[in-house]
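Give the three-dimensional model of this entry:
(2 chains)
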Amino acid sequence: MEKTRATIVVVDDSPAMKTVFERGTEDLGVELRLFQSAEDSWAYLERHRPALLFLNIKMPGRDGLTLLRDLRELPLHKDTRVVMISSKDYAQDRTAASALGALEFITKPTPIRVITEVVRKYVKAEPV
Amino acid sequence: MSNAYLRFWGVRGSYSAPFDTHLGVGGNTSCVEIRIGDHIMLCDAGTGIIPFGNEIVKQAADQPAVRDLLIILTHYHWDHICGLPFFVPAFIPNWNITFFGPGHSRRDIEEHVSAQMRAPYFPVGTESWLANVRYLDPPKSQTLEWGPMSFSWRSVHHPGTTFGYRIKANGRTILYISDNECLFLDKSIRQKYGEFSAEEQALLSEMQREEYEAEIKLIEGADILIHDAQYSLEDYGKKRGWGHSCYIDTVNTAIDAGVRQLYLYHHDPNYDDRVIARIYDHTQSIIKERNSALQCHIAREGMIVDLS
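Coordinates of the predicted model:
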């Protein structure tokens, strides 16, 4: 029987960041799911708990911090591992993310290797 | 005066500046009134909302319909809410005051608005307000209506969740973006460019383009743009990452987006009338050099923009 690969979900409206995530996880044996907004991701996240969830903050529609707060109200996401990834390098955003249980706060621009390192740190991946 | 207008009641950022040298521009913090007939919307509730409150109470003696007010908040930093404890209409029965701002729910918004009026910081809480006060839940559509006006919002680049509003009033599109650090990612990329591989540098160029397009999209179509222009180039160099724009970036982005009227707003309280006059002169040079039709103004307390 084929093993289910760990799923990494990214909610970020930047197409360039999509490439950063694809390159950063391509050798890690994980499944990557990308959504461009909180609204686009909601139907999936209401039913699935990824191994790791990356959230951008400033996006059209609900921002990443509001999305995280909404997710934390769902029993499914009470303990979901979340990493914020944003150009908003402000102490207030870091504090708000930490209060909502985000594990890390990565600032943009983000080197590809940082994505690889963070996924390796929090997800037990299957080598390809 | 027409009954369709926009009025600046407070134009300062950070803290009020009630100094002789500053009063040509004005000393109160953020508050803009948009009025179409008897429908009144207030953008932010800095100290500028205090004189507005006193004035509207006088008007209400003859015009009872103006006792119904909407206050939309960009965020909850002090300079945007500190007029509320002294906002007289809130303390009068039979006035209706509706709030909207960033938040997960109406309860969340209420909590943020109420937090500053608590002991030991203030002697009475919002429970002492006698007006009918309500808070709006954020709708999924991200659009709300207020009489003949409607408004939507987007997150902007400022600490914490901060909204920029797009308001439709009397056929005009008004953008109220009091606090926004223009093109912040672009500057981060330029600073760190050399640290990235060739492949990553190609992606960074793509990100710069995306961010620029997002800034343009935020403000395009504006008949009137009221935008953060807090810092000079020199001060921005010292305060980059504080969540406010250099006025040069604000003007250039407005030109690129084809904005018609730009009001530079959220002035630094350290800048007196002479400094702001120099900023104005420089904006006119930029507009001339770029051969743009943009009309750029300094937002001043008491200034009225006709919306008829």
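
Tell me the spacing between the residue positioned nearest the centre of chain B and chain A.
Geometric centre of chain B, nearest residue: B:Ser178, 2.7 Å, by C-alpha atoms, centre = their mean. Distance from B:Ser178 to chain A, counting by C-beta to the nearest C-beta, to the nearest Å: 16 Å. In short, each C-beta sits where N, CA and C put it, glycine included.

B:Cys43 is in contact with that residue, correct?
Yes: contact criterion C-beta atoms under 8 Å: B:Ser178 and B:Cys43 qualify, at 7.4 Å.

Please enumerate the shared neighbours of these two.
B:30, B:74, B:226 (C-beta atoms under 8 Å, 6 or more residues apart in numbering or on different chains).

For the second one, which residues are in contact?
The one in question is B:Thr74. Counting by C-beta under 8 Å, 6+ apart, B:Thr74 has contacts B:30, B:43-44, B:80, B:101-102, B:156, B:162-165, B:176-179.

Now with 7 Å, please.
Each residue near B:Thr74 by C-beta atoms under 7 Å, 6 or more residues apart in numbering or on different chains is listed here: B:44, B:80, B:162-163, B:178-179.

With the last one instead?
For B:Ile226, the contacting residues are B:32, B:175-177, B:263, B:265, B:299, taking C-beta under 7 Å, 6+ apart as the criterion.

Pick the one among the residues you listed closest to chain A.
Nearest to chain A among the contacts of B:Ile226 is B:Ile177, at 12.9 Å by C-beta to the nearest C-beta.

which residues does the closest one form a beta bridge with?
Beta-bridge partners for B:Ile177, by DSSP bridges, are B:His227.

isn't it right up against B:Ala229?
No: at 10.3 Å, B:Ile177 and B:Ala229 do not qualify as touching, with contact defined as C-beta atoms under 7 Å.

of the two, who's got more company?
B:Ala229 (31 against 28; other C-beta atoms under 10 Å in any protein chain shown).

same question for stretch B:247-259, mean pLDDT?
Stretch B:247-259 comes out with an average pLDDT of 98.

any idea how far A:Glu22 is from B:Ala254?
35 Å (C-beta to C-beta, to the nearest Å).

Need the contact partners of stretch A:17-28.
Residues contacting stretch A:17-28 (C-beta under 7 Å, 6+ apart): A:8, A:10, A:32, A:34, A:110, A:112, A:115-116, A:119-120, A:125, A:128, B:203.

change it to 6 Å
By C-beta atoms under 6 Å, 6 or more residues apart in numbering or on different chains, the residues outside stretch A:17-28 that reach it are A:10, A:32, A:34, A:112, A:115-116, A:119, A:125, A:128, B:203.

same deal with stretch B:254-261?
Taking C-beta under 6 Å, 6+ apart as the rule, stretch B:254-261 contacts B:216, B:219-220, B:222-225, B:262, B:290, B:292, B:294-295.

All set now, cheers.
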